[in-house]
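Chemist: my questions are about this predicted structure, shown below with the sequence.
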Amino acid sequence: MPYTKQEDRTMKEIISELIDHIKVKGDLNYTICEIAGQLCLRDGGLSYTKTSNWIDAVHGAERELTRRLLGPYEDLKVQQNGDVESFVELLKTMK
């Protein structure tokens, strides 16, 4: 993920205020869609390339959340509860 430099993270206060209003999954979905929609409008309306770029950014955020948060959580649960047996066998074939 291309991280934004600390000095360029000027939206931190706005984000803190915004999350006070996000209570359920639908609120977050609406917020993401509205931000992407407004960015498209700001950039001149619908264009495949511009709209696709904003959608790609949302997918990138999803992948980063999965990689950084869900992956380690799942690894912890595998250690605590044991792995899926077929995964153990499949992973052995990769060595």
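Modeler: Received, thanks. Values in this document were obtained by computation on a predicted structure and should not be read as measured data.

Chemist: where does pLDDT dip in the chain?
Modeler: Applying pLDDT under 70 to the chain flags residues 1-2.

Chemist: 90 instead?
Modeler: The model of the chain has pLDDT under 90 over residues 1-13, 95.

Chemist: could you pull out the strands for it?
Modeler: For the chain, applying DSSP state E gives no strands.

Chemist: all helices for it, in order.
Modeler: For the chain, the helices defined by DSSP state H cover 12-19, 25-42, 48-65, 71-81, 85-92.

Chemist: export those helices to JSON lines and tack on mean neighbour count and distance to residue 6?
Modeler: Using the backbone N, CA and C atoms, a C-beta is placed for each residue, glycine as well. Formatted as JSON lines, the entries for the helices of the chain read as follows, by neighbours: other Cβ atoms under 10 Å; distance: least, Cβ to Cβ, whole Å:
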{"stretch": "helix 12-19", "mean neighbour count": "10", "distance to residue 6": "10"}
{"stretch": "helix 25-42", "mean neighbour count": "12", "distance to residue 6": "22"}
{"stretch": "helix 48-65", "mean neighbour count": "12", "distance to residue 6": "17"}
{"stretch": "helix 71-81", "mean neighbour count": "10", "distance to residue 6": "23"}
{"stretch": "helix 85-92", "mean neighbour count": "10", "distance to residue 6": "38"}
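
Chemist: using JSON lines, please lay out those helices together with distance to residue 3.
Modeler: JSON lines is the format used below for these (distance: least, Cβ to Cβ, whole Å):
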{"stretch": "helix 12-19", "distance to residue 3": "14"}
{"stretch": "helix 25-42", "distance to residue 3": "19"}
{"stretch": "helix 48-65", "distance to residue 3": "9"}
{"stretch": "helix 71-81", "distance to residue 3": "18"}
{"stretch": "helix 85-92", "distance to residue 3": "30"}
